[in-house]
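S.K.: Sequence first, predicted coordinates after that:
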Amino acid sequence: MEKKEEAKEQQLAVPESKPTCAAWIRRKEANNNKNITKLLAVMGRSATSSRPALLELFTFNSKTNSLSSDPWKFVLREEIGDPIGFAVHPSGDEFICATTKGCKWYKIIPEEFTYKLVAKDEPKLESIGQQKCLTFSTDGNKFAVGGLDGRLRVFHWPSLEILLDEPNAHKSFRDMDISLDSEFLVSTSIDGSARIWKITDGTPLVNLARSADEKIQCCRFSRDGMKPFLFCTVENGGGKTITAVWDMSTWERLGYKRLLNKPTSVLSVSLDGKYLALGSNDGDFCVVDVKKMEVSHWSRKVHLGCPISSILFCPTERVVISTSDKWGATVTKLTVPADWKVWEASLVLLALFLGSAFLFYIFYQNSDSFWNFPLGRNQPAKPWEYFKNKNSQNKDHITFESQFPDEL
């Protein structure tokens, strides 16, 4: 029997620990019979000796590129554990929170001027132990988790029917991602190996080739909908890190580029696939233009001396949330070229149309073409001599042709 439990909202006066994990939530909500896009952020705080673990829900202000200063707070029961990561369903109506003891399923319920989190009891998720990686597919029909114990599970969502279950997928998971078409899954291990899985077949497809001194660490599929690629950070024996690119049609390495030039802790890709983000073990991160494979933004000492655990691109703005165990969560506005807004593109098209119409009008007014001939009684008459000479020429032409009939 399914049992639902509402997470209680509670304001705490005791000092709070830094957020250890975060995620963006983009929702469609009805407002005056219109659907509007609402952008939220969820963060998790670990329990301390003086207070329980928390989930916090923030609203995002796109004008100031900042999160609300007074979030809604939801207390986690002790048996749930401390939050360590999130996977948000593409619909924005629910998310999975990975904890130190398993995974918890939450639904987001909007109310007047507030939100409510409803926890859904699901033994299949709560009993799987601590997971290092978790993600939804783009279509929202698949949910995958990779554990510290090296076990890979892929569920059909929301039925939680098992699509793939491999207890010995890796020694222990390092990173994981699902392709844009939801057909492939890539996973990396702490031992430096990487595997490609065919989700529909439920079997491993290929192991990515690497040199003896190379370790494949972080992995992300391309998201721009053009030619599909796989990006991975690779560290060699000398401690140098490169960003390598694999062709998804052959799973062969196409090339590489040195971007961060230091050991990488995390790799992320924007929702539209235009940018990659790489975080380092000493708290720096850079953002890369995928089309040019060049660094477009640097943020140094954001998480000074501490590995960055996650970098999360905002779904609607060129803003990221970065997290680390020591410094918590930080919101950063990226110094990259601004994207065209819908109204800006419409304005340009309108200007081009009006400009074309004006040029056509000028051409029309100054043209001697037949479009500008006078009509009716203003039409100038042809002189009689013109028609007389014209008829004479036609008769001569007909007589000349009649002397040489066509051959049969």
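M.R.: Okay, I see it. Residues are numbered from 1 along each chain as shown.
S.K.: what's the distance between Ser187 and Gly85?
M.R.: Shown here: Ser187 relative to Gly85, a distance of 15 Å by C-beta to C-beta, to the nearest Å. In short, each C-beta sits where N, CA and C put it, glycine included.
S.K.: Need the phi and psi values for Leu350.
M.R.: Main-chain torsions, Leu350, degrees, to the nearest 10: phi -60, psi -40.
S.K.: Could I get the contacting residues of it?
M.R.: With C-beta atoms under 8 Å, 6 or more residues apart in numbering as the criterion, no residue contacts Leu350.
S.K.: got a pLDDT number for it?
M.R.: Listed pLDDT for Leu350 reads 74.
S.K.: From Tyr361, how far off is it?
M.R.: According to C-beta to C-beta, Leu350 and Tyr361 sit 17 Å apart.
S.K.: and the gap between Leu205 and Trp327?
M.R.: 39 Å.
S.K.: Could you pull up the residues touching the closest residue to Ser310 other than its chain neighbours?
M.R.: Spatial nearest neighbour of Ser310, chain neighbours left out: Thr323 (4.8 Å); criterion: C-beta to C-beta, 6 or more residues apart in numbering. Neighbouring residues of Thr323 by C-beta under 8 Å, 6+ apart: Pro19, Thr20, Cys21, Ala22, Ile308, Ser309, Ser310, Leu312, Ala329, Thr330.
S.K.: Mind doing that once more with 6 Å?
M.R.: Going by C-beta atoms under 6 Å, 6 or more residues apart in numbering, Thr323 touches Ala22, Ser309, Ser310, Ala329.
S.K.: likewise Phe143?
M.R.: Phe143 makes contact with Phe136, Phe155, Trp157, according to C-beta under 6 Å, 6+ apart.
S.K.: what about the second one, which helix or strand?
M.R.: Right, Phe155. Phe155 belongs to strand 152-156 when assigned by DSSP states H and E.
S.K.: what's the next secondary structure element after that strand?
M.R.: Per DSSP H and E, strand 152-156 leads on to strand 161-166 as the next helix or strand towards the C-terminus.
S.K.: Would you list the strands that that next one pairs with, along with their directions?
M.R.: Strand 161-166 pairs in its sheet with strand 152-156 (antiparallel), by DSSP bridges.
S.K.: Contacts for the partner strand, please.
M.R.: Lys142, Phe143, Ala144, Val145, Gly146, Leu163, Leu164, Asp165, Glu166, Ala169, Ile199.
S.K.: from these, which is closest to Cys103?
M.R.: Val145 (6.8 Å; C-beta to C-beta).
S.K.: Give me the neighbour count for that closest one.
M.R.: By other C-beta atoms under 10 Å, 25 other residues sit near Val145.
S.K.: Quick one: mean pLDDT over the host helix or strand of it.
M.R.: Taking DSSP H and E as the criterion, Val145 maps to strand 142-147. For strand 142-147, mean pLDDT rounds to 98.
S.K.: strands paired with that strand, and their directions?
M.R.: When DSSP bridges is applied, strand 142-147 pairs with strand 131-136 (antiparallel), strand 152-156 (antiparallel).
S.K.: just how off-centre is that strand within its chain?
M.R.: Centroid separation for strand 142-147 versus its chain: 18 Å, with C-alpha atoms, centre = their mean, to the nearest Å.
S.K.: how about the CA coordinates for it, as PDB?
M.R.: Output in PDB follows, covering the C-alpha atoms of strand 142-147 (Å, rounded to 0.1, in the frame of the first residue of the first chain):
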ATOM      1  CA  LYS A 142      14.200   6.700 -17.700                       C
ATOM      2  CA  PHE A 143      15.900   7.200 -14.400                       C
ATOM      3  CA  ALA A 144      19.400   5.800 -13.800                       C
ATOM      4  CA  VAL A 145      21.500   5.500 -10.700                       C
ATOM      5  CA  GLY A 146      25.100   4.400 -10.200                       C
ATOM      6  CA  GLY A 147      26.200   3.400  -6.700                       C
END
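S.K.: helix/strand/coil for Asp272?
M.R.: coil (DSSP: H, G, I helix; E, B strand; the rest coil).
S.K.: do the same with Leu352
M.R.: helix.
S.K.: when you give positions from now on, start the count at 572
M.R.: Got it, the first residue is 572 from now on, which makes the last one we talked about Leu923.
S.K.: any weak-confidence spans in the stretch 622-771 of the chain?
M.R.: For the stretch 622-771 of the chain, no stretch has pLDDT under 70.
S.K.: Helices of that one, start to end?
M.R.: 694-697 (DSSP state H, counting those that start in this stretch).
S.K.: From Ser895, how far off is the most centrally placed residue in the chain?
M.R.: Nearest to the mean C-alpha position of the chain, by C-alpha atoms, centre = their mean, lies Leu842 at 1.2 Å. To Ser895, Leu842 is 22 Å away according to C-beta to C-beta.
S.K.: go on, Ala848?
M.R.: For Ala848, the distance to Ser895 (C-beta to C-beta) stands at 14 Å.
S.K.: ok, now Val858?
M.R.: Counting by C-beta to C-beta, the separation of Val858 from Ser895 is 17 Å.
S.K.: thinking again about what came up before, narrow the contacts of Thr894 to those in strands?
M.R.: Ala593, Ser881, Ala900 (DSSP state E).
S.K.: Columns pLDDT, neighbour count and distance to Val805 on top of these, output as CSV?
M.R.: Formatted as CSV, the ones in strands among the contacts of Thr894 follow (pLDDT from 0 to 100; neighbours: other C-beta atoms under 10 Å; distance: C-beta to C-beta, whole Å):
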residue, pLDDT, neighbour count, distance to Val805
Ala593, 98, 25, 27
Ser881, 97, 21, 20
Ala900, 96, 24, 28
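S.K.: Make TSV out of these and add distance to Tyr677.
M.R.: As requested, the ones in strands among the contacts of Thr894 are exported to TSV (distance: C-beta to C-beta, whole Å):
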residue	distance to Tyr677
Ala593	14
Ser881	18
Ala900	18
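S.K.: and of those residues, the nearest to Glu823?
M.R.: Ser881 (29.6 Å).
S.K.: Tell me the gap between stretch 673-693 and the middle of its chain.
M.R.: With C-alpha atoms, centre = their mean, you get 23 Å for stretch 673-693.
S.K.: my read: Pro886 touches Ile596, true?
M.R.: No: counting by C-beta atoms under 6 Å, Pro886 sits too far from Ile596 to count as a contact (8.8 Å).
S.K.: I'm done for today, thanks for sticking with me.
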